[in-house]
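Visitor: need a structure here:
(one chain, ligands or ions: 2)
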Amino acid sequence: MAANTFDLREFALDLRTSLGTAKGDITERRGLLVGVEREGTDGNIVRGVGEATPLTPWTESYDDCAASLRGLGEGAEENEDDAGDSDDGDGLLGTLGPAARHGVTLAASDAAARAAGVPLAEQLARTAATGDVSDSVPVNGTVGDGSVDETVAAAESAVADGFDCLKLKVGARDVDDDLDRLRAVRDAVGDDVTLRADANGAWSHEEAERAVDILSELAFAYVEQPLAADDLAGHADLRGRGVDIALDESVNGTGEVPQQLSEFADVVVLKPMAQGGPRAAVALAGHLQSQDVTPVVTTTIDAVVARTAAVHVAAAISDVPACGLATADLLADDLAEDPCPVVDGSVSVPEGPGLAGDAFDSLLWDE
Ligand SMILES: O=C(O)CCC(=O)C1=CC=C[C@@H](O)[C@@H]1C(=O)O
Ligand SMILES: [Mg+2]
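Guide: Ligands and ions are numbered 1, 2, ... in the order given. Below you'll find the model as predicted:
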């Protein structure tokens, strides 16, 4: 196989307004675009584009990600067979943290899908045997921490924009203040809007038990990561109280993923950036569905390349519920035009080939 050559481009994007979470405010997203070029079987150059946008504690640090990708560029010639689109972590890929691995495997998968002339979602569905590929994906609105009035206003604005599912960030303030926020949102948007809360592991077991009882009264669909990432037993204990329990940091970190997640959660959030690439995310989704656990795909507030890849991941997962992919509006600017704009609470899957044809090539190569 001809050697891969890798190109890198660093970027930094400000958020339009900071996203308040229990882990602090997210104000900027720094990452690296990864471009791969290789000679195809017909002798033509095949290109692929990836994105590595770290976010601790879901992934390695930016500095570690950047250093490992720069090291990759120097050794690409010797490691041509390792930098394919395999996510099994052998060889070269095994030395990379999840965000760097996401950048490399996404670029390789984009190149392979473009060479085959198929959308990335179709290639992902083929390799994971997940079944048919959707041509659109439902998405939820994302509402950060804020006062009661700010939260209600943001929720009403999202519903007016066509979202019928909202995720509300909690855990940054006293649990009773959060429950006042959530009750006010339910009163404002009515019973037909699906509501979710995400605590990012901020609550004690006692706080979580109180919260779950109120969330059940308010008919919330699920609460994401109410307890610390390592408290799987605590999450299991919260189940069956009228609101589903979702795991995020317990599954999307740099630790081991428990095999039998159905003991601990009804829903598992999948972050392709934290899973080390689109294929790993789709494979885990299939594993979850085999245990009757519902997968939900979310970005890590990424730039347009990784966000588009997350749309393809969600499209390759059968019967996926509303996903956390409508995060473009959180950014003050982006690297390229969005091929998956949100329309009435859903996004269309680009026809490709690959991610979005050659739409992102000019970000890495001078035409
Ligand atoms: O799920 C969504 O609606 C958007 C993504 C999202 O909420 C998150 C992305 C990355 C880190 C966190 O701030 C948050 C999460 O915890 O899921
Ligand atoms: Mg979360």
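Visitor: In contact with residue 141, which residues?
Guide: 155, 158, 159, 161, 163, 165, 166, 167, 326, 345 (CB atoms under 8 Å, 6 or more residues apart in numbering). Quick note: C-beta positions are derived from backbone N, CA and C, even for glycine.
Visitor: Can you give me the separation between it and residue 192?
Guide: For residue 141, the distance to residue 192 (CB to CB, to the nearest Å) stands at 14 Å.
Visitor: can you pull the contacts of the residue of the stretch 251-367 of the chain at minimum distance from ligand 2?
Guide: The nearest approach of the stretch 251-367 of the chain to ligand 2 comes at residue 269, 5.5 Å away (CB to the ion). Contacts for residue 269 (CB under 8 Å, 6+ apart) come out as 224, 225, 246, 247, 248, 251, 252, 296, 297, 298, 324.
Visitor: and residue 69, what is it in contact with?
Guide: Contacts of residue 69 (CB under 8 Å, 6+ apart): 6, 8, 32, 34, 52, 96, 100, 103, 104.
Visitor: Hmm, I typed the wrong one, I wanted residue 52.
Guide: 31, 32, 34, 65, 69, 99, 100, 102, 103, 104, 273, 306.
Visitor: Can you report how many residues lie near the nearest residue to it once chain neighbours are set aside?
Guide: Spatial nearest neighbour of residue 52, excluding adjacent residues (CB to CB, 6 or more residues apart in numbering): residue 103 at 3.1 Å. The tally of other residues near residue 103 (other CB atoms under 10 Å) stands at 34.
Visitor: Residue 103: what secondary structure?
Guide: helix (DSSP: H, G, I helix; E, B strand; the rest coil).
Visitor: Hmm, it is touching residue 48, no?
Guide: No. Look at residue 103 against residue 48 with CB atoms under 8 Å: they stay out of range, at 10.6 Å.
Visitor: distance of the residue of the stretch 101-250 of the chain found nearest ligand 2 from residue 59?
Guide: Closest contact between the stretch 101-250 of the chain and ligand 2, by CB to the ion, is at residue 248 (3.5 Å). From residue 248 over to residue 59 the distance is 13 Å, taken as CB to CB.
Visitor: what residues are shared contacts of these two?
Guide: Common neighbours of residue 248 and residue 59 (CB under 8 Å, 6+ apart) do not exist.
Visitor: Apart from its chain neighbours, what residue comes closest to the residue of the stretch 101-250 of the chain closest to ligand 2?
Guide: That would be residue 269: by CB to CB, 6+ apart, it lies 4.1 Å from residue 248.
Visitor: For that neighbour, list each beta-bridge partner.
Guide: When bridges are called by DSSP bridges, residue 269 pairs up with residue 296.
Visitor: do residue 195 as well
Guide: residue 166.
Visitor: related to what we said a few turns ago, what pLDDT does the residue nearest to residue 52 get?
Guide: Note for residue 103: predicted pLDDT of 97.
Visitor: As CSV, the contacts of residue 269 with neighbour count would be great.
Guide: CSV is the format used below for those (neighbours: other CB atoms under 10 Å):
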residue, neighbour count
224, 28
225, 27
246, 26
247, 25
248, 25
251, 28
252, 28
296, 26
297, 29
298, 27
324, 26
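Visitor: and the two most separated of those residues?
Guide: Across those, no pair lies farther apart than 225 and 297, at 15.6 Å, counting by CB to CB.
Visitor: quick one: the strands in the stretch 201-350 of the chain?
Guide: 222-224, 244-247, 267-270, 294-297, 342-343, 346-348 (DSSP state E, counting those that start in this stretch).
Visitor: ok, the fifth one: who's next to it in the sheet?
Guide: Using DSSP bridges, the neighbouring strands of strand 342-343 in the sheet come out as strand 346-348 (antiparallel).
Visitor: now check the partner strand, is it near ligand 1?
Guide: No. Interface with ligand 1: strand 346-348 contributes nothing (CB under 6 Å from any ligand atom), its closest point being 12.8 Å away.
Visitor: Who are the packing partners of the lowest-mean-pLDDT helix or strand in the chain?
Guide: Ranking every helix and strand in the chain by mean pLDDT, DSSP states H and E puts helix 91-94 at the bottom, with a mean of 76. Contact partners of helix 91-94 among helices and strands, from 3 or more CB pairs under 8 Å, 6 or more residues apart in numbering; DSSP states H and E: helix 98-116.
Visitor: Quick one: mean pLDDT for the helix or strand following the helix it packs on?
Guide: Using DSSP states H and E, the helix or strand that follows helix 98-116 in sequence is helix 120-128. Regarding helix 120-128, the rounded mean pLDDT is 91.
Visitor: need the contact list for the residue of the chain found nearest ligand 1.
Guide: Proximity of the chain to ligand 1 (CB to the nearest ligand atom) peaks at residue 324, 2.1 Å away. By CB under 8 Å, 6+ apart, residue 324 lies in contact with 139, 140, 142, 167, 269, 296, 297, 298, 299.
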